[in-house]
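In: Here is a sequence together with a model predicted from it:
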Amino acid sequence: MNRLRSNWLLVLTHIGALLPLVLLIWDFSQHQLSVNPIQEVTLRTGKSALVLLVLSLACTPLNTIFRFRPALRARRWLGLYAFMYVALHLLIFVGLDYGFDLDLLREAIFEKRYALVGFAAFLILLPLAVTSTKGWMKRLGRQWKRLHRAVYLAALLAVVHFVWLVKSDIREPLVYGAVVVVLLALRISAIRKAASRARGWLRDSIFRKVSDAHSGAHSGAEI
C-alpha cells in the first residue's frame, strides 16, 4: 500500500497512456470506427502522441516552479509512450495507407509537407527514445541533456504536422503549439524565476487570506 501511495502518479501515467490504445482496439473490434477507419486510427494515434509529448514537456516546469517532484518520475514514461504512439502513427501511414511501397512513400514524404515534417519529428524522437535509459544517461553525461532538448523541436514539428494535416480548422493544433511555446519559454532562466516568484506570491497571498479568515472566525467565537 505504501509503495502504491508513493507511486500513484506513475500508476496514473501508465493507465492514462494505455487507455487510448485500449479504446482504439475495442472500437476496432466492435466495428465502431468511422466510415474511414484508417484516417480515424491515424488521427487518434497522432493526437495521443502529441498529448503525451506535451505532458512529458510539462514535467520539468512542474518540478522547477511548483516543486512537484513526482512529475520527474513520470517524464520518461510519458516520453516513451508518446514515442510508441508516434511509431504506431507512422506504421499505419506506411503500412495501411501506402502498403509499404517504398516508391510511393518516398513521393509522399517529399511531396506532402505534413508527411515530411511528421517524418522529421519521428527521426528526432527515435534517438531520444533509444537513449532514455539510465545507462545511456551515464554514457552520454552532459551531452544527454543537450541531446534531449531536441524534444522541443520534435514537439513543434508535430504541431506543424497537425496544422498542415487538418488544413481547415487549425484551432486545436494551435492550442497545442501555444502550450509547447509556453513550456519552452519556461526554460529561460528569467521567465522561470519570475514564474517561481509569482507562485510564491500567490501562495503567500492565499495563506494570509486563510489565516485572516481563521483569525476572524476565532475572534467572533470568543465574542
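Out: Noted; the coordinates are in hand. Numbering: from 1, shown residues only.

In: rest of the way, CA atoms for contacts and neighbours
Out: Noted.

In: Relative to Leu123, how far out is Arg106?
Out: Computed as CA to CA, to the nearest Å, the Arg106 to Leu123 distance reads 15 Å.

In: If we go by neighbour counts, what in the host helix or strand of Arg44 is buried?
Out: Assigned by DSSP states H and E, Arg44 falls within helix 37-66. By 16 or more other CA atoms under 10 Å, the buried positions in helix 37-66 come out as 41-50, 52-61, 64-65.

In: which secondary structure elements does it contact?
Out: The contact analysis (3 or more CA pairs under 8 Å, 6 or more residues apart in numbering; DSSP states H and E) places helix 37-66 against helix 8-29, helix 70-91, helix 151-166, helix 171-185, helix 189-222.

In: mind redoing it with 7 Å?
Out: helix 70-91, helix 171-185, helix 189-222 (3 or more CA pairs under 7 Å, 6 or more residues apart in numbering; DSSP states H and E).

In: do you know which of the ones you listed lies nearest Leu165?
Out: Leu165 lies closest to helix 171-185 among the helices and strands packed on helix 37-66, at 9.8 Å (CA to CA).

In: Quick check: buried residues in that closest one?
Out: Buried residues in helix 171-185, counted by 16+ other CA under 10 Å: 173, 176-177, 179-180, 183-184.

In: helix, strand or coil for Gly99?
Out: Recorded secondary structure, Gly99: coil (DSSP: H, G, I helix; E, B strand; the rest coil).
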